[in-house]
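1. Quick one, what's the 3D model for this:
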Amino acid sequence: MLNRDFTRAKVALLNALADETRLAILDYLKGRREATVSEIRDHIRREQSAISHHLACLRSCGLVSTRRGGKYIHYSLNGKDRISKILHLTDRHVSEVLEGVLACRVVGEK
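-> Numbers count the residues shown, from 1 in each chain. Got it, this is the predicted structure:
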């Protein structure tokens, strides 16, 4: 794999994490073995179509896996320990540099 392809893949992964709904989904799944779209919807209070859309992104980026159980699809973190660690380190870092992150004009609040 070319270095440029690897860099593009890292950017895509970080972009997948750079969304409030997708982060809420990952945080919810972090504390569970698995969950259905309905369970995720009820917890984070977004429309089911939006949840499904964001889960498709997370699945495509390799962050979640699926398992069919009857008529339901169950979602779980792919590499739960690793993803949980990324989320934990992000929380820790943001808590240390919160004001700077919020003041950043390049990636700040849209």
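2. And the helix or strand harbouring residue 100, what does it pack against?
-> Residue 100 is part of helix 80-103, with elements assigned from DSSP states H and E. If contacts are counted by 3 or more Cβ pairs under 8 Å, 6 or more residues apart in numbering; DSSP states H and E, helix 80-103 sits against helix 20-30. No exception for glycine: its C-beta is placed from N, CA and C like everyone else's.
3. Please provide the alpha-carbon coordinates for the helix it packs on, formatted as CSV.
-> Only the C-alpha atoms of helix 20-30 are listed here, as CSV (Å, rounded to 0.1, in the frame of the first residue of the first chain):
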residue,chain,number,x,y,z
GLU,A,20,-21.7,13.9,16.9
THR,A,21,-24.1,11.1,16.0
ARG,A,22,-21.4,8.6,15.1
LEU,A,23,-19.5,9.3,18.3
ALA,A,24,-22.8,8.9,20.3
ILE,A,25,-23.3,5.5,18.6
LEU,A,26,-19.7,4.4,19.4
ASP,A,27,-20.0,5.6,23.0
TYR,A,28,-23.3,3.7,23.4
LEU,A,29,-21.8,0.5,21.8
LYS,A,30,-18.7,0.8,24.0
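4. what sits up against it?
-> Contact with helix 20-30 is made by 16-17, 35, 40, 43-44, 46, 50-51, 54-55, 57-58, 63-64, 75-77, 80, 83-84, 87, as judged by Cβ atoms under 8 Å, 6 or more residues apart in numbering.
5. Now, of those, which are buried?
-> Among the contacts of helix 20-30, the ones that count as buried by 16 or more other Cβ atoms under 10 Å are 16-17, 35, 40, 43-44, 46, 51, 54-55, 57-58, 63-64, 75, 77, 83-84, 87.
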